[in-house]
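[1] for reference, the sequence and a predicted model appear below.
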Amino acid sequence: MKTLIVLTLSAACVVPAFSQGVGYTDTPQIRGQQWKVHDKERPNPPTVTPGATFSNGAPPPSDAVWLFNGKDFSHWTQGGGAPKWKLENGYMEVVGKSGNIATKDEFGDAQVHLEFATPSKVEGESQGRGNSGVFFHGQFEVQVLDSHNNKTYADGQAGALYGQWPPLVNAIRPPGEWNTYDIVFEAPRFDAAGKLTKPGYITAFLNGVCVQNRQELNGPTNHKATDPYKAYSGKGNLSLQDHGNPTRFRNIWLRPLGEHN
Ligand code: MG
């Protein structure tokens, strides 16, 4: 009886996971997993419809750095100069082939909030639809993609730690609508000899729905590759990806996180 109830609830709330048959078979094995990078056979996450209250453009908490309030690019740089992305109506929009944009400041562990909208005019397919990304320290990408009714590989969905971990569920809103990301990034640590002492972790909420639950990063994220950690300071910038699609961002803020004492 208990099983029956669970099945009934689950059928009402989510669309179950299955492989969409898009991806690769010739990529390397992901360390510690049964799957290859962008594995064609890996089940895609089930779909969940988020609640209505999470896209609001609200001001940040008082101790946050408001990295983008819709008015200027003062916290950002692109290739050492001023960003060439579009700035209009309180949002920024990717200008294809102009490159990624990055914060001028660096940080270690951090809580980040941002909002994004994939293009309302749906063009392209799979990884060519509304693709962008939120990069921590230039190495670790939380994927931004129009994953709404878009067949692609599981570890490339919106909410994925790209090429490593699919989101727990697909909680993306339809094209053109604003999504919210709330992400906690824990930077990896290395000892004086450059040996990894603690891997990086990412917790992420997409539209208020948990899509990564303190998930350990296997190393830097990459396309069709599985890279080992390389020692660095544990500090770096926040950057947004130019993947050639006019995806929009607004209301970006960051709270540097200290250690517990
Ligand atoms: Mg991307």
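    Received it, and whenever you're ready, just let me know what you need. This is a predicted model, so every value here is computed, not measured.
[2] can you give me the helices in this structure?
    Secondary structure of the chain (DSSP state H): helices at 2-13.
[3] what sits against residue 241?
    Counting by C-beta atoms under 8 Å, 6 or more residues apart in numbering, residue 241 makes contact with 94, 100, 131, 132, 133, 134, 135, 141, 144. Using the backbone N, CA and C atoms, a C-beta is placed for each residue, glycine as well.
[4] kindly report the same for residue 225.
    Going by C-beta under 8 Å, 6+ apart, residue 225 touches 27, 28, 37, 163.
[5] is it true that the first one touches residue 41?
    What it means is residue 27. No. The criterion here is C-beta atoms under 8 Å, and residue 27 misses it with residue 41 at 11.7 Å.
[6] those two - which one has more neighbours?
    residue 27 (19 against 13; other C-beta atoms under 10 Å).
[7] ok so, going back, nearest to the ion among the contacts of residue 241?
    The ion lies nearest to residue 133 out of these, by C-beta to the ion, at 3.3 Å.
[8] would you mind measuring from the closest one to residue 189?
    24 Å (C-beta to C-beta, to the nearest Å).
[9] who has more neighbours out of the two?
    residue 133 (21 against 14).
[10] my guess is that one meets residue 163, correct?
    No. Using C-beta under 8 Å, residue 133 is not in contact with residue 163, being 11.1 Å away.
[11] now the strands for the stretch 51-200 of the chain?
    Using DSSP state E, counting those that start in this stretch, the strands of the stretch 51-200 of the chain run over residues 65-68, 76-77, 86-88, 91-93, 101-103, 110-117, 132-136, 140-144, 179-186, 189-190, 196-198.
[12] how about those, which one is nearest the ion?
    Per C-beta to the ion, nearest to the ion of the strands of the stretch 51-200 of the chain: strand 132-136, 3.3 Å.
[13] buried ones in that closest one?
    132, 133, 134, 135, 136 (16 or more other C-beta atoms under 10 Å).
[14] from the contact counts, what lies against it?
    If you count contacts as 3 or more C-beta pairs under 8 Å, 6 or more residues apart in numbering; DSSP states H and E, strand 132-136 packs onto strand 110-117, strand 140-144, strand 179-186, strand 238-240.
[15] repeat that for 10 Å
    Here strand 132-136 touches strand 110-117, strand 140-144, strand 179-186, strand 201-206, strand 238-240, strand 248-256, going by 3 or more C-beta pairs under 10 Å, 6 or more residues apart in numbering; DSSP states H and E.
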